[in-house]
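> Predicted model and sequence follow; I will ask about them next.
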Amino acid sequence: MAYLSPEVEADYHQFFLAASDADTSWAQSDDEMVATSPNAVVIRTGITTGPVAVALAQLRAEPTGHADQWETAGRAVVEVLRAKERCQTGVSAGAPGIVAGADCWHAVIVVPLIVLVALLVMSVTSFRLRDATVSNCTAAAWIGTVVGALALTLSSYRWNNQLGCREAFPRHFGYRGPNWEMAPYPVQDERSWWPLGFSCRGVSVYTREFVSIEPGWNLTVLVYGCFGCAVVAAFIAARRVSVVVRRRRSASQ
C-alpha cells in the first residue's frame, strides 16, 4: 500500500487526475462524484474554486473501508492506456530544436537528410555539366524546398509560442468574462498533415458541445506547393542530365 497526499486546484466544482495527453471531455459515469475516461479521472467537489487536499492510496485488493463514514462516496473504473509517442517537429522558444519520439526519427531526421543529400548531388551535377536547364531546375528545387521548410517551421513556432487552441479559437476554447478566467473545459491540439496545421478538439464554451476544428488550407497550399515544385524540378533535372550524358557519350565515340 502506498499513500500520496497532494494538493490540487479545483475549478468549477471539479478537478482532474489525468495524464498530460488524456481527453477529459469524454469523461462519463453514472456516479455523481467520479467520472472517468481513458487515463483520466474527474472528481466533483463542493469547493467551487481553490486548493483541495487529496489523499491517494494504492491498494492491493478491493477497498474494505466503511463508506458510511464519509459524507459522499463514489466508485468508478478508469482505463489506463499506454501513452503514444508523437512526432513534434515544432520549435519552441523554451526548448528550441526538434523533439522526436523513438518511433519517428524517420520523419524529423532521415527524410530531411535524404532531401539535403539529393539537393547537394543536384548542385554538384549542375556544376559539372554546366547545363542551363539543369542549373535552373536545381535552383528551383533549392528555393522550393527552403521556402516550404521555412513556412512549416515558422508556423509551428508561432503556434507553440504565440497561439494555441485557446488563443486561435477564443469563441470556443478561450477565456471569458467578466474576469477573463480560463474556460472550464479542456482542449487538445494535434498536428494535422492534411490539411497542414493543428486541429483543436474539445468541448466548446459557446455551444457546450464537443467540436473539432480543422486547420485552414493556406499553409497547405504554400508548403505542399513549394515541395511539389521542388519535386517537379528535380525530375526535370534528372531527365535533362540523362539526355546530356547520352549526347556527350555519343559525341565522344
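It's in.

> which parts of the helix or strand hosting S212 are buried?
Following DSSP states H and E, one finds S212 within strand 210-213. Buried positions in strand 210-213, judged by neighbour count with 16 or more other C-beta atoms under 10 Å: V211, I213. C-beta coordinates here come from the backbone N, C-alpha and C atoms, glycine included.

> And it, what does it pack against?
Under the contact criterion of 3 or more C-beta pairs under 8 Å, 6 or more residues apart in numbering; DSSP states H and E, strand 210-213 touches strand 196-203.

> Give me the residues contacting the strand it packs on.
Contacts to strand 196-203, defined as C-beta atoms under 8 Å, 6 or more residues apart in numbering, come from residues 23, 25, 152, 155, 159, 165, 168-169, 172-173, 185-192, 209-216, 219-220, 223-224.

> Partner strands of that strand and their direction?
Sheet pairing here is set by DSSP bridges, and for strand 196-203 it gives strand 187-193 (antiparallel), strand 210-213 (antiparallel).

> How far off centre is that strand?
Remark: strand 196-203 is offset 9 Å from the chain centroid, using C-alpha atoms, centre = their mean, to the nearest Å.

> So which bits of that strand are buried?
L196, G197, F198, C200, R201, G202, V203.

> any idea which of those residues is least confident?
On pLDDT alone, V203 ranks lowest of those, at 77.

> For it, list each beta-bridge partner.
Bridge pairing for V203 - DSSP bridges - gives F210.

> measure it to M33 for me?
Going from V203 to M33 by C-beta to C-beta, to the nearest Å gives 20 Å.

> ok so, going back, distance to L119 for the strands paired with strand 196-203 - can I get that in JSON lines?
Shown next, in JSON lines, are the strands paired with strand 196-203 (distance: least, C-beta to C-beta, whole Å):
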{"stretch": "strand 187-193", "distance to L119": "22"}
{"stretch": "strand 210-213", "distance to L119": "36"}
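
> Go through those and name the closest to A53.
Between A53 and those, the tightest spacing by C-beta to C-beta is seen for strand 187-193, at 27.5 Å.

> Which stretches in the protein count as strands?
Here the chain has its strands, by DSSP state E, at 2-4, 7-11, 14-18, 34-37, 40-44, 49-53, 56-58, 187-193, 196-203, 210-213.

> Check these for me: which has the lowest mean pLDDT.
strand 2-4 (a mean of 48).

> low pLDDT regions in the stretch 151-253 of the chain?
175-185 (pLDDT under 70).
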